[in-house]
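J.: this one's structure only:
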């Protein structure tokens, strides 16, 4: 491979500037850690941790970084199409950017943000000291981080994938994509997907086996229900992606013909396998968001969630239907009338349980004592915006109409109207809502509300014009157009909205910085008058979560305990066993990263060596002492006194 093919930034000033900024940033971090002598602290407290709360924080940190990366891609796309015959990006660079934008925002931003909140909150909601398998949880995170890192170096070393986030064959084949970009796609998603599958298994077991005494199925918080159903979907859906990516790797690097158009191959096999995973994936990021909104709306309406059982049933129905709608993603690819009709009906049917949830939230708000906090504002804005996305989804579900809509910007507008309010609004709301459980203080409300209005208004300015552009005939993935089409004004308006969205996310990040430096640390530890079980422990949560494991008698148990001036448990303190840290997951992920990188370029000897290293680290891990350590009763009592005793 030639030098300019390996380091792709050599011919592009924009990529060269990005490379320089990455190098400068990395050097600054290394110098800072060395100057302040934080390497040992970083290794001891973060890189080797098995604490679910710290792992959750690391997931969210990676998600925020990926939000920046994916947001820059979005701004470049909107900037390119803002004016007719624009020369900001060439066709190849545009293809790479819309591909990486989709992958990063779905798999490396939305997923880790959801999983991060899941890690922090679920053990606290169900009264558990940690997840079922703490060390597997660490492996899950570091595999995800290795996959994210491998995917993101592609835009500098070798070239990014360029066949769209769905990587349809034959476009993704070696014949039409001869660079290593789609090798990065296959291997990085494979590594990250293994971590996600482990997460799914871990949280299913945690929720099934580690709930507090008395917490039956119908006494679980709604966020816990949503996470349980989501992780069941992960366990069933992600093996399909694993198989599809393995076949893709063999086609591209070993000459097989699984997805070829000759020699017995079938390019549509990829489309079917991808969307058998891909549509449940949409609900993997949407269902936990529904759980977050349910917690927030009931909290700030000061009411029990309306229709608890119907909410649970509707989520189960959504999870089942999510596996039988995949072919609506390719109505236009040659199915017969019967197949299109079946998938059209199943797609429209999934709107019914979703509509049930909308009405439940509205009835929860009815006659409630509503507080317009930052999390509540995001939750209220979600309802009408997501409804627009849902209605346009029903339009797209009609197979005959989809022939007109499918390859246009109308579809782009639709899925952004579903995913941004349905997932991004939710994770930002949940981030504000549960921030005190990790750090002990709230994010600044004024900055939070300022960011909310920028994000909400700018979102509609950015994406509503795309509905009109799509109906006017502007196709997806179009990197340029002539002035005679008349697409220019609405595309410019969309670009202005994208800039506003960027400002809103900058305000969010600044809010984190400002609050860490200046926010008052309240002594009462109960910054939101919340009704759900997770507040039965301190803010911030000590390393052991619960000094006493709570006993549950009803839904919203902690709220009723406060109302009746009683405790959830009066058992005496006992020594608490905690798992010991382990550096093997971090080292193993490094071997995965190195093996994946070498495999991208078909350097098979070093790839095999690093693969052997993975198994060596697994073997060494089996010899680690897993006895953990105990927190004594005296230390528990001292910590409880420092945190304010049992009043919280």
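T.: Looks like it came in fine. Please read all numbers here as calculations on a predicted model, not as lab measurements.
J.: how far does stretch 183-190 sit from the chain's center?
T.: Averaging C-alpha positions (Cα atoms, centre = their mean, to the nearest Å) puts stretch 183-190 18 Å from its chain's average.
J.: list of residues touching it?
T.: For stretch 183-190, the external contacting residues (Cβ atoms under 8 Å, 6 or more residues apart in numbering) are 99, 103, 107, 147-148, 150-151, 154, 158, 160-161, 163, 167, 172, 241-242, 245-246, 248-249, 252-253, 596, 599-601. In short, each C-beta sits where N, CA and C put it, glycine included.
J.: just the buried ones from these?
T.: The neighbour count (16 or more other Cβ atoms under 10 Å) marks 99, 103, 107, 147-148, 150-151, 154, 158, 160-161, 163, 167, 172, 241-242, 245, 248-249, 252-253, 596, 599-601 as buried among those.
J.: so which of the residues you listed sit within helices?
T.: 99, 103, 147-148, 150-151, 241-242, 245, 248-249, 252-253, 596, 599-600 (DSSP state H).
J.: check what pLDDT residue 528 gets.
T.: pLDDT for residue 528: 51.
J.: repeat that for residue 334.
T.: On the pLDDT scale, residue 334 gets 77.
J.: for this structure, give me the ranges with low pLDDT.
T.: 1-12, 520-536, 644-648 (pLDDT under 70).
J.: which member of the ones in helices among the buried ones among the contacts of stretch 183-190 is positioned nearest residue 383?
T.: Checking these against residue 383 by Cβ to Cβ gives residue 103 as the nearest, at 28.7 Å.
J.: of the ones in helices among the buried ones among the contacts of stretch 183-190, which is the nearest to residue 91?
T.: residue 99 (12.7 Å).
J.: and the helices in the stretch 451-600 of the chain?
T.: 488-518, 557-563, 584-600 (DSSP state H, counting those that start in this stretch).
J.: between those, which one is closest to residue 213.
T.: Nearest of those (Cβ to Cβ): helix 557-563, 11.1 Å.
J.: in the closest one, what's buried?
T.: 557-559, 561-562.
J.: then stretch 501-516?
T.: 501-502, 504-505, 507-508, 511-512, 515.
J.: against residue 393, how distant is the nearest residue to residue 395 once chain neighbours are set aside?
T.: Of all residues not flanking residue 395 in the chain, residue 401 sits nearest, at 6.2 Å (Cβ to Cβ, 6 or more residues apart in numbering). According to Cβ to Cβ, to the nearest Å, residue 401 stands 12 Å off from residue 393.
J.: who has more neighbours out of those two?
T.: residue 393 (20 against 14; other Cβ atoms under 10 Å).
J.: these two touch, right, the more buried one and residue 351?
T.: Yes: under the criterion of Cβ atoms under 8 Å, residue 393 makes contact with residue 351 at 7.0 Å.
J.: contact partners of stretch 207-222?
T.: 122-123, 125-128, 131-132, 224, 227-228, 231, 291, 294-295, 298, 305, 308-309, 311-312, 532-534, 549-555, 557.
J.: buried ones from those residues, can you make that a PyMOL selection?
T.: Buried residues among the contacts of stretch 207-222 (16+ other Cβ under 10 Å), as a PyMOL selection:
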select buried, resi 122+123+125+126+127+128+131+132+224+227+228+231+291+294+295+298+305+308+311+312+532+533+534+549+550+551+552+555+557
